[in-house]
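J.: got a sequence here, can you build the structure:
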Amino acid sequence: MRTIVCFGDSNTHGYDSRTGGRFDRETRWPGHLAKLLGEGYSVIEEGLSGRTTVFEDPLYEGLSGISCIHPILMSHEPVDLFILMLGTNDVKSRFCATAENIARGLERLLRKLQSCKEAFCGGEAEILVIAPPPIDKRYEKSAVAGEMGELCAEKSRELAPLFERTAKLCGADFLDAGTIPGVEMYPYDYMHLSPDAHRALAGELAKRILTRYNDSGVRPLS
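T.: Next up is the predicted model:
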């Protein structure tokens, strides 16, 4: 049984911006991924709405990824693959962070993961960094505009190349979710994944993971 931890924010937790609730397990991308991979894999969801890479939110507690990543990692050891998709919340105007600052926060997080060698199978960290799809500028006319602040869409579009550079620097794999066909933002706030986007992301991840472990192919969803 291979253990895969999916660490992220509301787009891993499965926030449904149409209802304000949460997509069910069958809709969320980690749930799709578990189905596609089959019985030989344990896919663990570790998503939290509002989570950042390293920034402490002055309005809500417990949202800094770097402050909780070690106990989360150790609670699921031994881990074969750690999938990390963060960055969307880091662009909030209240953090006053540039895209470059956010990438440096990602580097700190990756270095922290790599220092926990005892949690990974074989003693070496296997990490996949996913750059989240950028926020659509139409979010400015949605209910979340006041929460995010100005210029968040523009800043989020700068993240993917910086995250790719950071992943390479740290020896992690990289995937730009914004380039996956079918990955789109739900047209209720333009910053959370639609159900189709969850499915598309899971499909791309399944292909990569099965190739990594030389498995036979993606299972059909029933």
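
J.: show me where this structure has its strands.
T.: Taking DSSP state E to define them, one finds strands in the chain at 2-8, 15-16, 21-22, 41-47, 81-85, 127-131, 173-176.

J.: quick one: low-confidence parts of this protein?
T.: Per-residue confidence for the chain (pLDDT under 70) gives these ranges: 215-222.

J.: from the centroid of it, which residue is nearest?
T.: residue 85 (1.8 Å; CA atoms, centre = their mean).

J.: just confirm that residue contacts residue 10, I think it does.
T.: No. Residue 85 is not in contact with residue 10 according to CB atoms under 8 Å; the separation is 10.6 Å. From N, CA and C alone the C-beta is placed, and that goes for glycine too.

J.: what about residue 86, distance to residue 47?
T.: 10 Å (CB to CB, to the nearest Å).

J.: the two: which is more packed in?
T.: Shown here are residue 86 and residue 47; by other CB atoms under 10 Å, residue 86 has more neighbours (28 against 21).

J.: can you tell me the closest non-neighbouring residue to that one?
T.: Using CB to CB, 6 or more residues apart in numbering and skipping residues adjacent in sequence, the residue nearest residue 86 is residue 53, 5.1 Å away.

J.: and the one you found, how many residues sit next to it?
T.: Quick note: residue 53 (other CB under 10 Å) scores 25 neighbours.

J.: same check on residue 9?
T.: Residue 9 has 24 nearby residues by other CB under 10 Å.

J.: so what's it closest to, chain neighbours aside?
T.: With CB to CB, 6+ apart as the criterion, residue 9 has its nearest non-adjacent residue at 4.3 Å, and that residue is residue 51.

J.: that neighbour contacts residue 8, correct?
T.: Yes. Between residue 51 and residue 8 there is a contact at 6.9 Å, judged by CB under 8 Å.

J.: can you tell me how far residue 160 sits from residue 131?
T.: Distance of residue 160 to residue 131, given as CB to CB: 4 Å.

J.: these two: which is more packed in?
T.: Just comparing residue 160 and residue 131: by other CB under 10 Å the higher neighbour count belongs to residue 131, 26 against 22.

J.: okay, and the beta partners of that one?
T.: Note on residue 131: beta-bridge partners by DSSP bridges are residue 176.

J.: let me see the contact set for the residue nearest to residue 9.
T.: Residue 51 makes contact with 8, 9, 10, 63, 64, 65, 86, 89, according to CB atoms under 8 Å, 6 or more residues apart in numbering.

J.: now distance to residue 201 too, for those, in TSV please.
T.: Below are the contacts of residue 51 laid out as TSV (distance: CB to CB, whole Å):
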residue	distance to residue 201
8	11
9	14
10	14
63	22
64	24
65	19
86	14
89	18
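
J.: now for those residues: which two are most distant?
T.: Of all pairs drawn from these, the greatest distance, 15.2 Å, lies between 10 and 64 (CB to CB).

J.: of these two, who's got more company?
T.: Taking neighbours as other CB under 10 Å, residue 10 and residue 64 compare with residue 10 leading, 20 against 17.

J.: the more buried one contacts residue 52, doesn't it?
T.: No. Residue 10 is not in contact with residue 52 according to CB under 8 Å; the separation is 11.6 Å.

J.: the closest residue to residue 100 other than its chain neighbours and residue 112, how far apart?
T.: Spatial nearest neighbour of residue 100, chain neighbours left out: residue 162 (6.5 Å); criterion: CB to CB, 6+ apart. Going from residue 162 to residue 112 by CB to CB gives 18 Å.
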